[in-house]
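1. Okay, predicted coordinates and the sequence, questions at the end:
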Amino acid sequence: MTETYSTDVMSAKYIKEHNVVFIEFTKPAEGEAYRTPQMHVCEIARKRGAETVIADLRKTDISEVDIKWSSKVLMPAYENAGIKTIIYICGEDLEEEPAEFKSKLTIRKAKDYDEAISMLRPEKTTFTRKEALDLLGLKEDANAFAIDERFYQLTKRYRGKTDEESQAKLNELSEAYNTATGQRDKERREQLDRDRSKKFLGKTAGEWKTYFSYTWLRWVIVLIVLVIAGNLIYNIFIKGSYDCSVVAFGHFDFDGTYISDVLEANEYDNPYVASADVVVPNEEGQTENAYSDQTFSALLLSNPDVLITDEVTLPYYFNQYQDLSKIYFDLEDFVRPEVYDKLEPVYLSEAACAELMAEYSESQMLDAGEDVDMSEVSYQSIMVGIRISDPEIIAKLGFTTRWTEQDPDLVIAIYAGQDDLTNAENVLITILNKAV
């Protein structure tokens, strides 16, 4: 059975005869053209149980950025997929290419495919249990603890070495260990049971159970996104448009009951109030779920009048905000003095936000697409929101920050895609007047 993956710059194929995944680049590739195929190779190797990757690099070069990415991202992914050896086909010049990656994997170089195949590890020796115990230097009544201890001591001198002799010895000891502990027979029984079991879309019932036990959260999040989008579609196209919308996004818990009640009490019959837990790069070690951006994107379908976020999240979404410079001075005529005194204008420039995103992409070695031409972005600061830092007001509006090292704050803005600025300003004023 074969499995292939191909693009306009490379092809990858599982070769059952040698239990390897073979990659062949047909022309130079870098960035996503180089990285995406490599991740597909990991999936092919994982599914087929291949322990070796052979990569023909004679028609391509690996950039310095992709070398760093390979060391940090690709090699751990290879290890997680069960790959143990990578053989690079470099042609006659074995000294120059490829540049060495930092990895625990065994990395070798070959002139051509035939030489690479000749480097593959020999088939594992099959032992009886007695032969396995003899090789390990143990008696037939040795228990599991003794076998573990002996195996650890015998393999200690070979671990981390990449020469063929050390690899061969490790293979021999590993096969003896698997035989002595019964692991080999257990794996054979499991494989036999799997072959006899009914399969649904390539997986047994047990494998599907395991799959969903590890991925249930992802499906829950997908379901939440679909429910949000479906709710929006229903209310916009079937039930009727919202007469106002408020979307909160940032790393906080949010109860929108108070804001909804305030809007309903001020002539808005069908307000939409929702939130997304968005976690931007931070030094607290806080991580976002994989679908928070999709949830936020779904919420923007409501064409919100007002956006509410926190100051940490604010600069990562610069393009979502209207310039409030004129509105801020008008607010003094429409909100109570005790409210206005607690408001603080927040200014940002497009250039500062672009530099922040570029620094983050560089620190994570991400491909940010085309480089931003800083000569074309504006360095002029504009007022993007109104900051509230009073903890009592923040709590009254239904927000509880989830940042552990940041003082609570909110930044209230008007959505850049909103054309009805009069209504958006009225929603903003209504919320502010009831906040104090």
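-> Alright, I've got the coordinates.

2. State the phi and psi torsions of Leu356.
-> With angles defined as degrees, to the nearest 10, Leu356 sits at phi -60, psi -50.

3. Tell me how many other residues crowd it.
-> Here the number of neighbours of Leu356 (other CB atoms under 10 Å) works out to 16. From N, CA and C alone the C-beta is placed, and that goes for glycine too.

4. Quick check, pLDDT for the closest residue to it other than its chain neighbours.
-> Once flanking residues are discounted, Leu356 sits nearest to Pro315: 5.5 Å by CB to CB, 6 or more residues apart in numbering. At Pro315, the model reports a pLDDT of 93.

5. On the three-state scheme, Pro315 is what?
-> Secondary structure for Pro315, judged by DSSP: H, G, I helix; E, B strand; the rest coil, is helix.

6. That one contacts Leu348, doesn't it?
-> Yes. At 5.9 Å, Pro315 and Leu348 qualify as touching, with contact defined as CB atoms under 8 Å.

7. shared neighbours, these two?
-> Residues touching both Pro315 and Leu348 by CB atoms under 8 Å, 6 or more residues apart in numbering: none at all.

8. Give the full set of residues in contact with Val278.
-> Listed by CB under 8 Å, 6+ apart, the contact partners of Val278 are 249-251, 288, 292-293, 296, 309, 313.

9. mind redoing it with 10 Å?
-> Residues counted as contacts of Val278 (CB atoms under 10 Å, 6 or more residues apart in numbering) are 248-252, 288-289, 292-293, 295-296, 309-310, 313, 316-317.

10. ok, now how distant is Tyr272 from Leu397?
-> Per CB to CB, to the nearest Å, Tyr272 is found 16 Å from Leu397.

11. Likewise for Leu57?
-> To Leu397, Leu57 is 57 Å away according to CB to CB.

12. same check, this time on Ser275
-> Taking CB to CB, one finds Ser275 at 11 Å from Leu397.

13. and if you look at Leu263?
-> From Leu263 over to Leu397 the distance is 12 Å, taken as CB to CB.

14. Between these two, which has more neighbouring residues?
-> The neighbour count for Leu263 versus Leu397, taken as other CB under 10 Å, is higher for Leu263 (26 against 22).

15. can I assume the more buried one is in contact with Asn423?
-> No. Between Leu263 and Asn423 there is no contact under CB atoms under 10 Å: 11.4 Å.

16. list the residues that contact both of these two?
-> When contacts are counted by CB under 10 Å, 6+ apart, the set common to Leu263 and Asn423 consists of 243-244, 305.

17. can you redo those as a markdown table with distance to Arg48 and secondary structure?
-> A markdown table is the format used below for the shared contacts of Leu263 and Asn423 (distance: CB to CB, whole Å; DSSP: H, G, I helix; E, B strand; the rest coil):
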| residue | distance to Arg48 | secondary structure |
| --- | --- | --- |
| Asp243 | 56 | coil |
| Cys244 | 55 | strand |
| Asp305 | 53 | coil |
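
18. Whichever of those end up buried, select them in ChimeraX.
-> Restricted to buried positions by 16 or more other CB atoms under 10 Å, the ChimeraX selection for the shared contacts of Leu263 and Asn423 reads:
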select :244,305
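
19. And the helices in the stretch 151-300 of the chain?
-> For the stretch 151-300 of the chain, the helices defined by DSSP state H, counting those that start in this stretch occupy 164-181, 183-196, 205-233, 257-264, 292-299.

20. Output the contacting helices and strands for the fourth one.
-> Other elements packing on helix 257-264 under the criterion 3 or more CB pairs under 10 Å, 6 or more residues apart in numbering; DSSP states H and E are strand 244-250, strand 271-277, strand 306-309, helix 391-396, helix 421-435.

21. can you give me how far the third one is from the chain middle?
-> The chain centre lies 26 Å from the centre of strand 306-309; the measure is CA atoms, centre = their mean, to the nearest Å.

22. Quick one: name whatever helix or strand follows it.
-> The element immediately downstream of strand 306-309 (helix or strand, assigned by DSSP states H and E) is helix 325-331.

23. what about that next one, average pLDDT?
-> Rounded mean pLDDT across helix 325-331 is 83.
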